[in-house]
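For reference, the sequence and a predicted model appear below.
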Amino acid sequence: MITQLSLELLKLVRSKGFYLSFAALSAFVLLMLWGFYSYAQQKTSGLATEQFKYTYESKSYFNGLTFTLYSLMFVFSLIIPIFVAMNAGGQIAGERRAGTLRMICIRPVSRVSIVLSKFLVVAIHTYVLLVFFIGLNLLVGLLFVGWGNLDLYPGPLNLVDEPGRILRDDALWRFFYASFSGTWALLVVAAIAMLLSVVFDNPVTAVAATLAVYLTLYIVGRIEFFATLRPFFFTTDMDFWRDVLKPEVPWHNSYHYACTCGAYIFGLLLAAVVIFDRKDLTN
Amino acid sequence: MRLKFLLGAFFILSLLGAIVLAPQRLSRNTDRSDGTVDEIRRHEGRRLRLLSWNIGNGDLESETRAHSEDLPIVAQVIMDNDPDAVALQELTGEDQLRLLLAHLKNRYRGYVCSPGSADRTDAVLIKDNGGSGRGDRSGRQDHNAHIDLGVRFDDVPAGDRFAAAATFRLHKDFPEIVLVSAHADAFSASRRRTFAADVVDWARSQTNAAIAFIAGDFNFEVSTRNKTNLFTDDAKHDSESYAYLLKYFRDLGRDAGETSINDRRIDYIFGPPEIVALHRAEVLRGIAVGRMDHWPLLVEVAL
């Protein structure tokens, strides 16, 4: 299993997609910096300052931690899942497409360990991606926006019900926790992609189907008409990762949703393993 | 095979964990006091019961203000719950107030504010505890009649409209209480923010010797339950309004649940953060009359 894992890791670091994900996230950070900087300048002068005295658009509100929070919130829902799905969706179907799957399977390793080692590599990639993104944002935020406490208000980020504050050092720890909770939540997407990668022969189909499922549920879950269906979507459970960024972390709720995500991850992986184990590889 | 069993075991463990750790759903209709201070103090002191109710209608086709034919039931709800003071919104004017007071058998005295730029008014009702003024109707013309009983009514200028305020005492030994009945703009978050700020500033100016409460329909909702809030044109302005209110007041009905149709919590009773202990906060669901789109919010605090 260890050998298998190291081989898969080697494949990952040699793939272009691996570097593309970091490059894309770096570009996003630069874009965010430009947007955040110009927005903060515009909103902390003139009429806006008079309008907003206690929440947004004050000079104390805009700092490196707020920048990281906004950046992370936006990228987590819509950009990182794409890279996770791309990586996981290509794991089995990609090998089949390249004609290397049969060769891998005739080696004296179980098919289960092949799937699991590939999934572990996806998990490592996801965690590294999140840590890189958070670290880069904090660094850029520190250098270009400045430090301060993390002030949270009800409203656009939909994170808190009432105003709250996380002190700077505590906030840094919270971002560290978010790298784990975020990875765990994203592994649900990875598990779906892995299952579809086993089912479909074409990696593009697996990735597209994963993203279609994820984005459909994500968008539908945000439409009020489907509020009654929302609790049944895995995208709702995935939202637990943000709990660590609340002033008072609702640990009990977080454990519940983490377990629910765990059930999705292990259930889907089990299904993938069972299907792959019985699959007749003819190409 | 061992790995498959391991995956299966993790799957079952996660499933069990999710079931066992499922969040307890609090009944949103039940009393709730949070914090040990409340627990200790809830049995002490004089209770003050406040009720806030937007008695307007949600039907866009006809009159959206309060309907006079609904007032007997509104009066019955008030008498059944026996609040010390009531904040009502969306009355058509003084005529409706007089009618309501008559249905209340003159157990309450009331006041409607000037409409300002709005086509509807807010009212405050104060329970008449048997003073010599029983039977007074109030309204601006009766303003002086209440001074000797310690009840005072005011217009609160807020933005381009007014809120109604009453200053009263439950007992001569108790501090003065100020209740503001407010109704913020339904369509503009910016106007709501200005309105909320003015009401808060006015209420704070009264709090030297008095305990101030602000009640009413603020038309903003800041709950994280809403993934997309289709009812506001600017969530930041609403957040600013709420943050400013919470800077000086406590959201007493915070855990009472939705107060309006479409699962919205837009009616609030704000009270002082420390002086009073919350004993009860309840939305009286199911008693809206006709096509009313709000339910009354009842809050009871120990002074």
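Received, thanks. Numbers count the residues shown, from 1 in each chain, chains lettered A, B, ... in the order given.

quick one: is the longest helix anywhere in chain A near chain B?
Criterion DSSP state H: the longest helix present in chain A is helix A:168-199. No. Helix A:168-199 does not reach chain B (Cβ under 8 Å from any Cβ of the partner chain); its nearest approach is 10.7 Å. In short, each C-beta sits where N, CA and C put it, glycine included.

Which SSE is immediately downstream of that helix?
helix A:203-220 (DSSP states H and E).

Name the helix or strand of the chain that has the lowest mean pLDDT.
In the absence of a named chain, chain A is used. helix A:47-51 (a mean of 54; mean pLDDT, DSSP states H and E).

wait, chain B
helix B:36-41 (a mean of 47).

Now do residue B:88 against residue B:167, distance only.
Using Cβ to Cβ, to the nearest Å, residue B:88 is found at 17 Å from residue B:167.

between those two, which one's more packed in?
Higher neighbour count among residue B:88 and residue B:167: residue B:88, with 31 against 21, using other Cβ atoms under 10 Å in any protein chain shown.

Next, the contact list for the more buried one, please.
B:52-55, B:66, B:74, B:100, B:122-125, B:181 (Cβ atoms under 8 Å, 6 or more residues apart in numbering or on different chains).

That one belongs to a helix, doesn't it?
No. Assigned with DSSP: H, G, I helix; E, B strand; the rest coil, residue B:88 falls outside any helix and is strand.

pLDDT weak spots in chain A?
Along chain A, segments meeting pLDDT under 70 span A:43-60, A:283.

Could you pull out the helices in it for me?
A:2-14, A:16-43, A:47-51, A:64-78, A:80-89, A:91-98, A:101-105, A:111-140, A:168-199, A:203-220, A:234-238, A:251-278.

Those residues of the stretch 151-300 of chain B touching chain A, which are they?
So far as Cβ under 8 Å from any Cβ goes, the stretch 151-300 of chain B lies against chain A at B:190, B:193, B:222-224, B:226-228, B:230, B:235-240, B:242-244, B:246-247, B:251, B:254, B:262-263.

Of the residues you listed, just the buried ones, ChimeraX syntax please.
Only the buried members of those enter the following ChimeraX selection, criterion being 16 or more other Cβ atoms under 10 Å in any protein chain shown:
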select /B:190,193,222,223,224,226,227,235,236,237,238,239,240,242,243,244,246,251,254
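
Show me the residues of the stretch 151-300 of chain B next to chain A that map onto strands.
residue B:251 (DSSP state E).

Return the subset of the residues of the stretch 151-300 of chain B next to chain A lying in helices.
B:190, B:193, B:235-240, B:242-244, B:246-247.

Among those residues, pick out the one closest to residue A:146, please.
Nearest to residue A:146 among these is residue B:236, at 21.5 Å by Cβ to Cβ.

Quick check: pLDDT value at that closest one.
Note for residue B:236: predicted pLDDT of 79.

what does residue B:249 give?
The model's pLDDT for residue B:249 equals 93.

Quick check: buried residues in the helix or strand containing residue B:73?
Here residue B:73, judged by DSSP H and E, is contained in helix B:71-81. Along helix B:71-81, these residues count as buried under the neighbour rule (16+ other Cβ under 10 Å): B:71, B:73-75, B:77-78, B:81.

for that helix, what is the average pLDDT?
93.

Can you name the residues of the stretch 1-150 of chain B that neighbour chain A?
B:1, B:3-4, B:7-8, B:10-11, B:13-18, B:21-23.

By neighbour count, which of those wins?
Result: residue B:7 is most packed of these (other Cβ under 10 Å), 23 neighbours.

Would you enumerate the residues in contact with it?
Contacts of residue B:7 by Cβ under 8 Å, 6+ apart are A:116, A:266, A:269-270, A:273.

try it again with 10 Å
A:112, A:115-116, A:265-274 (Cβ atoms under 10 Å, 6 or more residues apart in numbering or on different chains).

now residue A:199
Contacts of residue A:199 (Cβ under 10 Å, 6+ apart): A:92-93, A:205-206, A:209, A:271-272, A:275-276, A:279.

for chain B, which spans come out with low pLDDT?
Using pLDDT under 70, chain B drops low at B:24-45, B:59-61, B:129-149, B:225-230, B:233.

longest single helix anywhere in it?
helix B:2-20.

Pull the distance from it to the chain's centre.
Taking Cα atoms, centre = their mean, to the nearest Å, one finds the center of helix B:2-20 at 47 Å from the center of the full chain.

relative orientation of that helix and helix A:111-140 in degrees?
On the basis of axes from the mean of the first three to the mean of the last three Cα atoms, to 10 degrees, helix B:2-20 is oriented at 50 degrees to helix A:111-140.

Now do the strands in chain B.
B:47-54, B:85-91, B:108-112, B:121-127, B:152-158, B:161-168, B:176-183, B:210-217, B:250-251, B:267-271, B:277-283, B:297-302.

Sheet partners, orientation included, of the fifth one?
What that stands for is strand B:152-158. Taking DSSP bridges as the criterion, strand B:152-158 sits next to strand B:161-168 (antiparallel) in its sheet.
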